[in-house]
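Trainee: Kindly return the folded structure for what I paste below:
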Amino acid sequence: MRRVHFIALTVSALLAFFVGIWAYFFPQGFYDSFPGVLGSWVSVDGPFNEHLLRDVGAMYLALGAASIGGLIWRNEIAYRVLGLAWTVFGLLHFLYHAFHLQHMPVAGAIGEMVALGVSLLLGILLLLPSRSAEAPTR
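Mentor: Numbers count the residues shown, from 1 in each chain. Modelled structure (predicted):
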């Protein structure tokens, strides 16, 4: 299971830095063309808001930095805390977009739901205990 945690944290960090760097440092480009394939998923959902996009970028960068911390410290508590954070964010993000697909072409909607589902799944995987994990102490 630790290998699964390592992979989930690595992929989560890569996704977080991809989205975070783009949204924070290049908010107009992120708005106009994210994810770079299957059309634009952001600009179809409302007017450009630099403050909001930079905040989203900062949040992704923070989650990415925390995931790097989990890769460094590698322990059950770190995996569970990161899993909780990624799962709460991933679930809420997934649900918002699941109910706001009407403005997207079918290929874009499917791509968005798959991408958000993978992100949510990575958080859930981090919540799973290792086989050899002892019960955490309080």
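Trainee: Could I get the average pLDDT for stretch 59-72?
Mentor: For stretch 59-72, the mean per-residue pLDDT is 98.
Trainee: no, scratch that, I was asking about stretch 1-17
Mentor: The predicted model assigns stretch 1-17 a mean pLDDT of 95.
Trainee: now stretch 79-99
Mentor: 97.
Trainee: where do the helices sit along this structure?
Mentor: Shown for the chain, the helices assigned by DSSP state H span residues 2-25, 27-33, 50-73, 76-98, 106-127.
Trainee: ok, how many other residues are close to H5?
Mentor: 25 (other Cβ atoms under 10 Å). (Glycine included, C-beta is placed from N, CA and C.)
Trainee: re the thing from before, for the helices of the chain, which one sits closest to W41?
Mentor: Nearest of the helices of the chain to W41, taken as Cβ to Cβ: helix 106-127 at 5.3 Å.
Trainee: quick check: angle from that closest one to helix 76-98?
Mentor: Orientation check (axes from the mean of the first three to the mean of the last three Cα atoms, to 10 degrees): helix 106-127 against helix 76-98 gives 160 degrees.
Trainee: Could you list the buried residues of helix 106-127?
Mentor: 108-109, 111-112, 115-116, 119-123, 125-127 (16 or more other Cβ atoms under 10 Å).
Trainee: returning to that earlier point: can you put the helices of the chain in JSON lines and add distance to G39?
Mentor: Below are the helices of the chain laid out as JSON lines (distance: least, Cβ to Cβ, whole Å):
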{"stretch": "helix 2-25", "distance to G39": "16"}
{"stretch": "helix 27-33", "distance to G39": "9"}
{"stretch": "helix 50-73", "distance to G39": "18"}
{"stretch": "helix 76-98", "distance to G39": "14"}
{"stretch": "helix 106-127", "distance to G39": "5"}
